[in-house]
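Asker: sequence and predicted structure below; questions after.
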Amino acid sequence: MSSFAGAPLPNGVPDVGELETFLEEVCRRYRIPGAQLSVIGENGDLRNAVFGELESGCGMPVAGDTLFPAGSVSKTATAALLFLLAEDGELSLEDRVDKVMPIFRGLDSGQSRWPTFAEVLSHRGGFASNTTAEQGRHGNLSGLARSCVREGGLVYAPGEVFSYSNLGYSVLGCIVEELYGLPWGQCSAEMLFEPMGIHTGWLAGGTGVPGPVAVGHVLGPAGAPRAVTQSLDRAEQGAGALTVSAAGLLEFAQKAFAQGPSEVGSHVGTASPSSRPFGIADDWGLGWARFGPGLEWFGHDGTADGAWAHVRFHPATGRGVALTVNSSQGLDAWLDTAAVLCPDAQPVLGPSAPESTLPEELGGVFRNGTDEVHVTVRESGLSFGFAGETPAQARHEGGGRFRILSERVDNPFAWGSFLQSNPGGEWDLFQFSGRTAHRRESR
């Protein structure tokens, strides 16, 4: 793996030449057409490196201000827009959504109550993990809220279980649009990023607004990058529509944490493992994930069609790293980058215990919203997959944790865990990639 001859973090940053050499090596290793890498050291020195083209073979080079699809990193912008509304007295983050938005008052949540804004921001609001095709078509809060109820309402009681939720942030994005009176993309640009002096855009109908965006790619059968079109449903703007540069991500993180991490980092999990994420992060605050043994790093990972974006920021020291990539191989690029530039900003996956086994009765069918995952446990390991998909083969790593065998060991998205909604009770929850499904039937 590459390393730097110059000053490493935390005392400084490699010079631009070293960063560019490193980024080029990583991109060529994974056949990535274009990328940006930005780094801030403790001294506040920001350095940027770029590589490649907006689209493979197009001849248009990536620049420092080129916009890349940010995927789920968009959720940090939705959170920030709600913070602004709270500062203006329009709402409190401790308010339940039905207190602020009347549409929810006449709808049955399926649980004892609707969640607070803070609970939804920290992925503990009880919403299903994914938007369905029917939900995604809605262009307003009323349609999306009614669709949620038609499809069963909340999956969990608010505040009890961590389950990463695109649907929850789709709802928040629609609330932002209602309260600001602007479409999410225009709202994020005019109310949030432009006052910060940060150039951003958004995806609408698969194209970038207001201008060109780096094109996503997947590897074709022969291993060559093949361009793909972005597909994002109208209702999912608040969960994944942002386009931004790597430098823009770090500038945003700096300003988001200018007053310290207290508010953004609040609402972390309780002592119950079911209220905390495993694999994708070590905990979750209001919009931002938390990483590392001391939860001192904040950040987010995002994927779009053939694109990845990653940001990490350490408020106590001002250190930060951001990477944007126009390839489905972007996660591999990030894992190599983080291992060199911010190894302490990755999730704690724990020691491996390959000789341990799981009881077969842990297998079964688990459900989150309309998604079902089928789990089979054998002495040699376990397999799991959604209906109609080829099951992934995994190995038990001890303590109910497991890892997909075909993925690299340091890939946090390849790890998952069985959990107990009540400590000491039945292992009735199955969390993978941050999404938590509850047992529907045993096997």
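Answerer: Noted; the coordinates are in hand.
Asker: report how many residues lie close to Val321.
Answerer: 28 (other Cβ atoms under 10 Å). Every C-beta, even on glycine, is put in place using the N, C-alpha and C of the backbone.
Asker: okay, it: pLDDT?
Answerer: Note on Val321: pLDDT of 97.
Asker: please tell me how far it sits from Asp95.
Answerer: Per Cβ to Cβ, to the nearest Å, Val321 is found 35 Å from Asp95.
Asker: ok, Arg395 touching Glu407?
Answerer: No: taking contacts as Cβ atoms under 8 Å, Arg395 lies outside contact range of Glu407: 10.9 Å.
Asker: contacts only, for the residue of the chain most remote from its centre.
Answerer: Centroid-distance maximum for the chain: Glu379 at 32.8 Å, with Cα atoms, centre = their mean. Residues near Glu379 by Cβ atoms under 8 Å, 6 or more residues apart in numbering: 357, 360.
Asker: which elements pack onto the host helix or strand of Gly238?
Answerer: Using DSSP states H and E, Gly238 falls within helix 237-240. Packing contacts for helix 237-240, counted by 3 or more Cβ pairs under 8 Å, 6 or more residues apart in numbering; DSSP states H and E, involve helix 74-87, helix 166-180, helix 184-187.
Asker: contact partners for the residue lying closest to Ala304 once chain neighbours are set aside?
Answerer: Closest residue to Ala304 apart from its sequence neighbours, by Cβ to Cβ, 6 or more residues apart in numbering: Pro69 at 3.6 Å. Contact analysis of Pro69 by Cβ under 8 Å, 6+ apart lists 203, 213-214, 216, 230, 242-243, 302, 304-305, 307, 309, 326.
Asker: dig out what Pro69 forms beta bridges with.
Answerer: For Pro69, the beta-bridge partners under DSSP bridges are Thr243.
Asker: and the least confident helix or strand in the chain by mean pLDDT, what's buried?
Answerer: Ranked by mean pLDDT, DSSP states H and E, the weakest helix or strand in the chain is strand 207-209, scoring a mean of 78. Judged by neighbour count using 16 or more other Cβ atoms under 10 Å, the buried positions of strand 207-209 are 208-209.
Asker: just checking, next helix/strand downstream of it?
Answerer: strand 216-219.
Asker: can you show me the CA trace of the helix holding Gly238 as PDB?
Answerer: Output in PDB follows, covering the C-alpha atoms of helix 237-240 (Å, rounded to 0.1, in the frame of the first residue of the first chain):
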ATOM      1  CA  GLN A 237     -33.700  14.400  -2.600                       C
ATOM      2  CA  GLY A 238     -32.900  14.900   1.100                       C
ATOM      3  CA  ALA A 239     -31.300  11.500   1.400                       C
ATOM      4  CA  GLY A 240     -29.000  11.600  -1.600                       C
END
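Asker: if I look at Glu426, how far off is Met60?
Answerer: Taking Cβ to Cβ, one finds Glu426 at 56 Å from Met60.
Asker: next: Gly34.
Answerer: For Gly34 relative to Met60 (Cβ to Cβ), the value is 9 Å.
Asker: just checking, Pro416 is part of a helix?
Answerer: Pro isn't right for residue 416; it's Gly. No: under DSSP: H, G, I helix; E, B strand; the rest coil, Gly416 falls outside any helix and is assigned strand.
Asker: okay, and the beta partners of the closest residue to it other than its chain neighbours?
Answerer: Distances taken as Cβ to Cβ, 6+ apart place Phe432 nearest to Gly416, at 3.5 Å, with adjacent residues excluded. Following DSSP bridges, Phe432 is listed with bridge partners Gly416, Arg435.
Asker: identify the residues contacting Phe432.
Answerer: Contacts of Phe432 by Cβ under 8 Å, 6+ apart are 279, 373, 384, 415-416.
Asker: any chance of those residues in TSV, plus neighbour count?
Answerer: As requested, these are exported to TSV (neighbours: other Cβ atoms under 10 Å):
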residue	neighbour count
Gly279	22
Val373	22
Phe384	22
Trp415	24
Gly416	28
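Asker: let me see the contact set for Ile280.
Answerer: 164, 289, 301, 347, 412-413, 433-434.
Asker: picking up where we left off before, which outside residues touch the helix holding Gly238?
Answerer: With Cβ under 8 Å, 6+ apart, helix 237-240 has contacts from 70-72, 74-75, 78, 131, 166-167, 169-174, 176-177, 183-185, 202-203, 232, 302, 304.
Asker: average pLDDT across it?
Answerer: 95.
Asker: same check, this time on stretch 385-401
Answerer: 86.
Asker: if anything else comes up later, I'll come back, but that's it for now.
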